[in-house]
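Engineer: Coordinates for the following, if possible.
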Amino acid sequence: MPAVIAAGLLAAPACASEVDTEHLFGFSEGADIGKKGEGELEAETIVRQGKAAGQYGALSEALEVKYVFTDRLRLGGRATFSYHGISGVPGLPDRGSGGMQGVSFEARYVLVERARAPFGLTVIATPRWGRIDDISGEAVRSYGGMLTLVADRELVAGHWYGAVNLLYDAGATHVHDTGLWQHDSKAGIAAAIAGRVHGELFLGAEVRYFRVYDGLGFDRYAGEALFAGPTMYVQLSPTWTMSGAWNWQIYGQTAAGGGSLNLTQFERQQVKFRVNYHF
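Structural biologist: Purely as a prediction, here's the structure:
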């Protein structure tokens, strides 16, 4: 599927569209940022569930404000709150607690405008600071950031759209209980497609592949995972949109091997639900 969509991005005829592709593809990103002077409020919920044994659930709620300063540049700030419910999972302490997880800053810059070229191309930089570990829910102090390159294309005028994402993520985490620092990095590629099914309702599918490493520069391979699932996007009104995705891990491995899924660095399933208000 990634190869098919990538080929479509290059081969399909160019055509400008009024559809904002940013949230059209679920977990995957679209290249649009909005128009100069526009603002946006976003509420995003992500649920991650399932480990090799026991009960595992992680819920994050993020609130973000964004503003488009120029036709090519948008900046935003986000605060994230999380809750972890863990019981009987090997290697993780039992937990049922939540709190303020961290904050992040986002800068999006449009390198190529889709309306004036065969495809849209945007680079996204997202530095972050955190105080709760994403997997274990432990108290930590973490610093990191993600760099994402996003390409998208209108495949069939007004009806079908495709996107490809490339990402690099790295972080350093200080665990309070042990006093140790951990460094990790992640590379990923995602491909998605979405089509108009009725009015302003779009349905689609995405595939996402990740490789995890110990060290900030891909030092030692730690594991990999492949996710796939359906996506949804609907324009409720000129100012309100709603979108979501449900991904399952369909393949995974750790450096230690064994099994057909990676349930150490990832979960069995991930669900995203998002509501946006444009002003």
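Engineer: show me the contacts for F105.
Structural biologist: Contacts of F105 were listed using CB atoms under 8 Å, 6 or more residues apart in numbering, and they are 75-78, 126-128. Glycine gets a C-beta too; all of them are placed from N, C-alpha and C.
Engineer: before we move on, what about L149?
Structural biologist: Contacts of L149 (CB under 8 Å, 6+ apart): 121-124, 165-167.
Engineer: buried subset of those?
Structural biologist: 121-122, 124, 165, 167 (16 or more other CB atoms under 10 Å).
Engineer: Could you tell me which of those residues are located in strands?
Structural biologist: By the criterion of DSSP state E, membership of the buried ones among the contacts of L149 in strands covers 121-122, 124, 165, 167.
Engineer: so which two of the residues you listed are the farthest from each other?
Structural biologist: L121 and L167 (14.3 Å; CB to CB).
Engineer: For E61, which non-adjacent residue is closest in space?
Structural biologist: F81 (4.8 Å; CB to CB, 6 or more residues apart in numbering).
Engineer: and that neighbour, that one's in a strand?
Structural biologist: Yes. F81 forms part of a strand when assessed by DSSP: H, G, I helix; E, B strand; the rest coil.
Engineer: Quick check: pLDDT value at it.
Structural biologist: pLDDT for F81: 98.
Engineer: One more: R114?
Structural biologist: 92.
Engineer: what's the nearest residue to it once chain neighbours are set aside in contact with, if anything?
Structural biologist: Residue nearest to R114 in three dimensions, not counting chain neighbours: G120, with 3.1 Å by CB to CB, 6+ apart. In this structure, G120 makes contact with 21, 30-32, 110, 112-114, 150-153, judged by CB under 8 Å, 6+ apart.
Engineer: same question, I135
Structural biologist: With CB under 8 Å, 6+ apart, I135 has these contacts: 58, 92, 265.
Engineer: Quick check, the second one in contact with I86.
Structural biologist: Yes. Applying CB atoms under 8 Å, one finds L92 in contact with I86, separated by 5.3 Å.
Engineer: what sits in contact with each of the two?
Structural biologist: 56, 136.
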